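A.B. asks: got a structure for you, letters missing:
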Ligand SMILES: Cc1ncc(COP(=O)(O)O)c(C=O)c1O
């Protein structure tokens, strides 16, 4: 069995850093395992947002408070670009949602790309899949879709690469599936795609993967990447995008008086950036341990050294990933007290073929005798929040049908969860199939 990664003391600190970890806002006890629909909220991110947003001044003006807000905004923008996206090159830009950013990127790239076909994969979120399809049709390009591997729960790198040729204008490939948790071999896919066609434009949806591992859009050779802060311990009402240096000056909506690579449009919201910095501070704080095993707090002046801050952020994300692999193993294999999902009669774990190292902490199960909606309701009645990924929903129909299912219960915990919560979830699951 893997190790829990965080000490008891660290777990206490981690759990006290988030709102509503074990009770909802009415005070009712519950276990929250629907983080893929919006993650547990970091207290510091909410507080930074509220505090900053209560200030009326405009960060584009020059009075004293405006300049303080500009500092917060600049810090957050650098955290977004240099720490989370991990690069000084290219540009970052905010939007209302990750979906609106993705559709916009699909449009702009389609207008600027050269080639007769585009490639995407069966598991993409509708904002990516439909954006690619709409603009392939508009510009008369062949729309190619790499099929799933039903066993691994993913899409094989070779299935994507076999569709790419020297006429492929755009590749749109996600970092990890929000249905199965499968982590794509993105670096291999991007590097090989670019060898086949050096001019290819590559878009990557990292909404699912970003809260579970560090991302490296420049390192893998992508031209655009997106994520959603509300699934990454942060706030709703914001999507975050990165565009590579070579794509940054593609014609896009902008005020003509600004530079050709300016992607932000309208008044910036310093509160959004304040919340992003709070999330980065939190992940950085997980980077190492004090001598007594507590969470390391002292990291010098990380803002003075963004590269160091990025290294610590990466180390923090690596620890989150290790914790989540431990929890995934507990969920699948069980403990001395309760059998895991793989061992409970009446439970089918779908898309379970990939090794744990290649999966985010998310899984899909079917319970005998219960539809996915009935199962979700039954969990809710027992104080466990999960979600159904059903063929009835436009957000999951294409994916679950590709896996030959009518719908599954999606369980998406977070590094914040404990072994004891997993055991309670497994005991409830065993109870549900026993009585169905
Ligand atoms: C993989 C993936 N991409 C994109 C999105 C869209 O994010 P948003 O709701 O911010 O538009 C989601 C949301 O569930 C997602 O899971």
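C.D. replies: That came through fine. Owing to the predicted nature of the structure, the values given are computational and were not obtained by experimental measurement.
A.B. asks: quick one: mean pLDDT over stretch 422-436.
C.D. replies: When pLDDT is averaged along stretch 422-436, the result is 94.
A.B. asks: and what of stretch 90-105?
C.D. replies: 97.
A.B. asks: quick one, domains of this structure?
C.D. replies: Using automatic domain parsing, the domain parsing of the chain gives 8-32+322-434, 49-277.
A.B. asks: which one of those is the most hemmed in?
C.D. replies: Highest mean neighbour count of those: domain 49-277, a mean of 20 (counted as mean count of other CB atoms under 10 Å). Heads up, the C-betas are built off the backbone N, CA and C, glycines and all.
A.B. asks: is any residue of stretch 199-206 near the ligand?
C.D. replies: Yes. Stretch 199-206 is in contact with the ligand by CB under 6 Å from any ligand atom, via residue 205.
A.B. asks: so residue 170, which of the three states?
C.D. replies: Look at residue 170: counting by DSSP: H, G, I helix; E, B strand; the rest coil, its state is strand.
A.B. asks: test my guess that it contacts residue 111.
C.D. replies: No. Between residue 170 and residue 111 there is no contact under CB atoms under 8 Å: 10.8 Å.
A.B. asks: got any ranges where the stretch 251-400 of the chain has weak pLDDT?
C.D. replies: Scanning the stretch 251-400 of the chain for pLDDT under 70 picks out 289-304.
A.B. asks: what are the ranges of the strands in it?
C.D. replies: 347-350, 363-367, 384-385, 387-390 (DSSP state E, counting those that start in this stretch).
A.B. asks: ok so residue 242 is a strand residue?
C.D. replies: Yes. Residue state for residue 242 (three-state DSSP) corresponds to a strand.
A.B. asks: oh, and call the first residue 7 from now on, that's how I've got it
C.D. replies: With the count now opening at 7, the last piece we talked about shows up as residue 248.
A.B. asks: dump the residue contacts of it.
C.D. replies: For residue 248, the contact set (CB atoms under 8 Å, 6 or more residues apart in numbering) comprises 87, 91, 93, 96-98, 223, 230-232.
A.B. asks: give me the nearest residue to it, chain neighbours excluded.
C.D. replies: Closest residue to residue 248 apart from its sequence neighbours, by CB to CB, 6 or more residues apart in numbering: residue 91 at 4.3 Å.
A.B. asks: including distance to residue 45, could the domains of the chain go into CSV?
C.D. replies: Shown next, in CSV, are these (distance: least, CB to CB, whole Å):
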stretch, distance to residue 45
domain 14-38+328-440, 6
domain 55-283, 5
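A.B. asks: minimum distance to residue 320: which of those domains has it?
C.D. replies: Counting by CB to CB, residue 320 lies closest to domain 55-283 out of these; the figure is 4.6 Å.
A.B. asks: gap between the two ends of the closest one?
C.D. replies: 10 Å (CA to CA, to the nearest Å).
A.B. asks: check stretch 59-66 too.
C.D. replies: With CA to CA as the measure, stretch 59-66 spans 15 Å from end to end.
A.B. asks: again with stretch 398-405
C.D. replies: 11 Å.
A.B. asks: is it positioned near the ligand?
C.D. replies: No. Residues of stretch 398-405 are not located near the ligand by CB under 6 Å from any ligand atom, the shortest gap being 6.9 Å.
A.B. asks: residues contacting that stretch, please?
C.D. replies: Under CB under 8 Å, 6+ apart, the answer for stretch 398-405 is 128-129, 131-132, 135, 154, 183, 185, 395-397, 413.
A.B. asks: may I see those residues arranged in TSV, with secondary structure and distance to the ligand as well?
C.D. replies: Below are those laid out as TSV (DSSP: H, G, I helix; E, B strand; the rest coil; distance: CB to the nearest ligand atom, whole Å):
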residue	secondary structure	distance to the ligand
128	coil	13
129	coil	9
131	coil	3
132	helix	8
135	helix	10
154	coil	15
183	coil	7
185	coil	9
395	strand	11
396	strand	14
397	coil	17
413	strand	16
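A.B. asks: and the residues you listed, which is closest to residue 265?
C.D. replies: Set against residue 265, the nearest of these by CB to CB is residue 131 (30.9 Å).
A.B. asks: my guess is that closest one contacts residue 209, does it?
C.D. replies: No. Taking contacts as CB under 8 Å, residue 131 lies outside contact range of residue 209: 11.8 Å.
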